[in-house]
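K.L.:
Please find the sequence and the predicted model below.
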Amino acid sequence: MKLASGSHLAYCTNVHRGDSWDETFASLRTHSLAVRNALVPREPFAIGLRLSAQAASELQGNPNLLRDFRQWLDRENCYVVAINGFPYGRFHGTRVKEQVYAPDWSTPERLAYTQTLFDLLDQIAPPGESIGVSTLPGSFKEFVPSVDDSHLRRIQDHLLACSRHIDALRERSGRDIHLGLEPEPLGLFETSQETVGFMEQLLQRAENPASVLANIGVNYDTCHLAVEYEEAGEALGRLRDAGLRISKLHLSSALRFRPDAAALAQIEAFQEEVYLHQVIARHADGSLTRYRDLPPALEAVAAGQPAGEEWRVHFHIPLHEAPMAPFADTRDHLLATLDAVRADPGMCPHLEMETYTWEVLPGNLRHADVTMQLIREYEWTLAALRERDLA
């Protein structure tokens, strides 16, 4: 839906299962329309589309499917201006973990997939609207050998090739088009400072740095930067002072708690085998310890490593409902991000709620079906936006 600020608010459909186009389209007809009907039955409704590589290939290879989808969007008064292109393959019901980063930006497969997403989005988005695709932060740190920069150079080469593709697409369409790199804990770049450093290196290799800055920005996920213990105003300011555009804001919330014995005993409820739940522990002196997932963090503490004063966990928590004690969430970072948007409503064209973890949430955070969860998240988010005169 279009907000009073001029930005678009959507929810990301990566919360739903769907690898093929048929599965993806079925979830839109079932869940997205139900959410739309409950919230804004007579207003245009934005869909934050997630397309796997399989679904994107099927759409690209069958003009009839694409035509039918465009007609469905028009008929249902729905529209798409942003695609989540981070997960390439299967994203539910199987072990994803670190493989969500594969293939990474060092591969031609990631480049081709992302270019396909842009081509499709340009065909289905309303004319003249700014469009964006979000993607991973280059790679996973563990995938990139520290002694060999050839992997990093391939990542840069493919991102610059994607920027040239965006240039060509913009030349034909005349619209604003942008790729959003999404910093994430233990990604190739995970903090605002690392993101600025990565982009500075990328721009050094660009033939036209101004064009790259227009084409490649940051998908700022409020869960991810909160896990890094960043302050929203400072992080956004650092990115923008470096000349980086904010391509999209992911409105999401992380798990946080004090790691005493009682909490560590109960955190097992959040251990599951599908997604990677990176942990960052903060100690009394302000230093941070990073773990790739909950089990290694718990094993380290069991082996005698200091637990620290606070843990923040990359586990997306529903926006409308705080977890029960001893756990808490990082909605304060999300709200501070909205405060920054209030100060500069033109900061970002796309806002998107992203709580893809519904299937693996503990039972006490999953009181209703996924459609009702989405409706409640919209209600919470819209209330926060209205408090800031943004909706």
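P.N.:
The structure has been received and is ready for your questions.
K.L.:
For the rest of this, base every contact and every neighbour count on C-alpha atoms.
P.N.:
Fine.
K.L.:
residues touching the closest residue in space to His16 that isn't next to it in sequence, list them.
P.N.:
Once flanking residues are discounted, His16 sits nearest to Ser27: 6.6 Å by CA to CA, 6 or more residues apart in numbering. When contacts are counted by CA atoms under 8 Å, 6 or more residues apart in numbering, Ser27 touches 16-18.
K.L.:
Now go through the residues you listed and say which are in helices.
P.N.:
Nothing among those maps onto helices, per DSSP state H.
K.L.:
And the longest helix along the chain, what does it pack against?
P.N.:
Secondary structure of the chain per DSSP H: the longest helix is helix 150-173. With contacts defined as 3 or more CA pairs under 8 Å, 6 or more residues apart in numbering; DSSP states H and E, the packing partners of helix 150-173 are helix 108-124, strand 177-181, helix 209-215.
K.L.:
between it and strand 177-181, what angle do the directions make?
P.N.:
160 degrees (axes from the mean of the first three to the mean of the last three CA atoms, to 10 degrees).
K.L.:
in helix 150-173, what counts as buried?
P.N.:
151-160, 162-167, 169-170 (16 or more other CA atoms under 10 Å).
K.L.:
Contacts made by that helix with the rest, please.
P.N.:
Applying CA under 8 Å, 6+ apart, the contact partners of helix 150-173 are 104-108, 111, 114-115, 118-119, 122, 138, 144-145, 176-178, 202, 206, 211-212, 215-216.
K.L.:
do that again at 7 Å, thanks
P.N.:
Residues from elsewhere that reach helix 150-173, judged by CA atoms under 7 Å, 6 or more residues apart in numbering: 105-106, 111, 115, 138, 144, 176-177, 202, 206, 212, 215-216.
K.L.:
which one in these is the model shakiest on?
P.N.:
Lowest-confidence member of the contacts of helix 150-173: Val144, scoring 94 (pLDDT).
K.L.:
On the pLDDT front, check the closest residue to that residue other than its chain neighbours for me.
P.N.:
Spatial nearest neighbour of Val144, chain neighbours left out: His151 (6.3 Å); criterion: CA to CA, 6+ apart. Each residue has a pLDDT score; the one for His151 is 96.
K.L.:
Mind listing what's buried along the helix or strand harbouring Val196?
P.N.:
Val196 is located in helix 192-204, with elements delineated by DSSP states H and E. By 16+ other CA under 10 Å, the buried positions in helix 192-204 come out as 192, 195-196, 198-199, 202-203.
K.L.:
Quick check: the two most widely separated of these?
P.N.:
Greatest spacing in the buried residues of helix 192-204, by CA to CA: Ser192 and Leu203 (16.4 Å).
K.L.:
Who is His133 paired with across the strands?
P.N.:
That one is not His; residue 133 is Val. Ile83, Leu179 (DSSP bridges).
K.L.:
Go ahead and confirm it touches Phe86.
P.N.:
No - counting by CA atoms under 7 Å, Val133 does not reach Phe86; the two are 8.7 Å apart.
K.L.:
now stretch 326-338: how far from the chain's centre is it?
P.N.:
Stretch 326-338 has its C-alpha centroid displaced from the chain centroid by 16 Å (CA atoms, centre = their mean, to the nearest Å).
K.L.:
swap in stretch 85-104?
P.N.:
13 Å.
K.L.:
how about that stretch: buried residues?
P.N.:
85-92, 96-104.
K.L.:
before we move on, what about stretch 64-77?
P.N.:
Of all the residues in stretch 64-77, those buried under the rule 16+ other CA under 10 Å are 66, 70, 73, 76-77.
K.L.:
now stretch 363-382
P.N.:
So for stretch 363-382, counting by 16+ other CA under 10 Å, buried means 365-366, 370-378, 381-382.
K.L.:
ditto for stretch 344-351
P.N.:
Neighbour count says stretch 344-351 has 345, 347-351 buried, by 16+ other CA under 10 Å.
K.L.:
Kindly report the same for stretch 244-260.
P.N.:
Those would be 244-259, for stretch 244-260 by 16+ other CA under 10 Å.
K.L.:
Between its first and last residues, how far does it reach?
P.N.:
39 Å (CA to CA, to the nearest Å).
K.L.:
for that stretch, what is the average pLDDT?
P.N.:
The model assigns stretch 244-260 a mean pLDDT of 99.
K.L.:
Contacts for it, please.
P.N.:
Under CA under 7 Å, 6+ apart, the answer for stretch 244-260 is 132, 178-180, 213, 217-223, 227, 307, 309-317, 319, 326-331, 334, 347-355.
K.L.:
Could you give the secondary structure assignment for the residue of the chain most remote from its centre?
P.N.:
No residue in the chain sits farther from the centre than Gly304, which is 34.6 Å out by CA atoms, centre = their mean. Three-state assignment for Gly304 (DSSP: H, G, I helix; E, B strand; the rest coil): coil.
K.L.:
tell me the contacts of it?
P.N.:
No contacts exist for Gly304 under CA under 7 Å, 6+ apart.
K.L.:
Do you know the pLDDT at it?
P.N.:
At Gly304, pLDDT is 97.
K.L.:
Now it, what are its backbone angles?
P.N.:
phi 110, psi 0 (degrees, to the nearest 10).
K.L.:
can you give me the strands for the chain?
P.N.:
Remark: strands assigned in the chain by DSSP state E are 8-11, 45-50, 78-84, 131-135, 177-181, 216-221, 246-251, 253-257, 279-282, 288-291, 310-317, 327-329, 350-353.
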